[in-house]
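A.B. asks: Provide a 3D model corresponding to the input given below.
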Amino acid sequence: MAVLDRAPGQVVEQLENELQLTDNELAKALDTNPRTIDRWKAGVSYPQHEAREKLTDLEKLARRLSSTFTTREAIRSWLHEDSRYLGGMAPIDALRAGRFDRVHAALEALDSGVFL
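C.D. replies: Sure thing, here's the model as predicted:
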C-alpha cells in the first residue's frame, strides 16, 4: 500500500506547482474529480487505494524530475517539449492522460543517455 510522506493537500499543491497542472488536470491524471482534489487540499478527506497509489507515483516522478534536471525551468521545458520517445507527445500531456509509466520510461531513457 502506498504511503504519502506528507499530507495529501501539501503533495497536491507541490505537484500542481512543480508540474504546472490545474486541479482539473490533476484530477484527470489521478482518475478522480476536482472536488475530491479540493477536499484533499482542505484536509477534509484522504486519497483512497488507487488514487493514493497514483498520487504517490506522481510524487516520486516529481522527485525524479528534480534529480534529473537542475532547475525548475529545465523541468518545465522538458515537460512541455514534444518528445519523439513519446511519439510526439509532450511529457506533460502524458501526465495529464495518467500515463505516468510513459513519462517514467522517457526519463529512464534520458538518464541512460538516450536523447531522442
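A.B. asks: quick check: pLDDT value at Met1.
C.D. replies: Here, the pLDDT recorded for Met1 equals 52.
A.B. asks: just the one 4 residues further on next, same as before
C.D. replies: According to the per-residue confidence, Asp5 scores 74 in pLDDT.
A.B. asks: do the one 3 residues further on as well
C.D. replies: In this prediction, Pro8 carries a pLDDT score of 90.
A.B. asks: phi first, then psi, for Thr22.
C.D. replies: Dihedral angles of Thr22 (phi, psi; degrees, to the nearest 10) stand at phi -80, psi 170.
A.B. asks: now swap in Ser83 and tell me
C.D. replies: Here Ser83 shows phi and psi, under degrees, to the nearest 10, equal to phi -120, psi 120.
A.B. asks: which residues does it form beta bridges with?
C.D. replies: Beta-bridge partners recorded for Ser83 (DSSP bridges): Met89.
A.B. asks: okay, now the unreliable bits of the protein?
C.D. replies: Within the chain, the segments meeting pLDDT under 70 span 1-3, 115-116.
A.B. asks: please enumerate the helices of it.
C.D. replies: Listed in chain order, the helices of the chain (DSSP state H) span 8-19, 23-29, 34-42, 49-68, 72-80, 91-96, 100-111.
A.B. asks: any chance of these in a markdown table with mean neighbour count as columns?
C.D. replies: Where you see a C-beta, it was placed from the backbone N, CA and C, and this is true even at glycine. As requested, those are arranged in a markdown table below (neighbours: other CB atoms under 10 Å):
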| stretch | mean neighbour count |
| --- | --- |
| helix 8-19 | 18 |
| helix 23-29 | 18 |
| helix 34-42 | 17 |
| helix 49-68 | 16 |
| helix 72-80 | 15 |
| helix 91-96 | 21 |
| helix 100-111 | 17 |
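A.B. asks: fine by me, thanks again.
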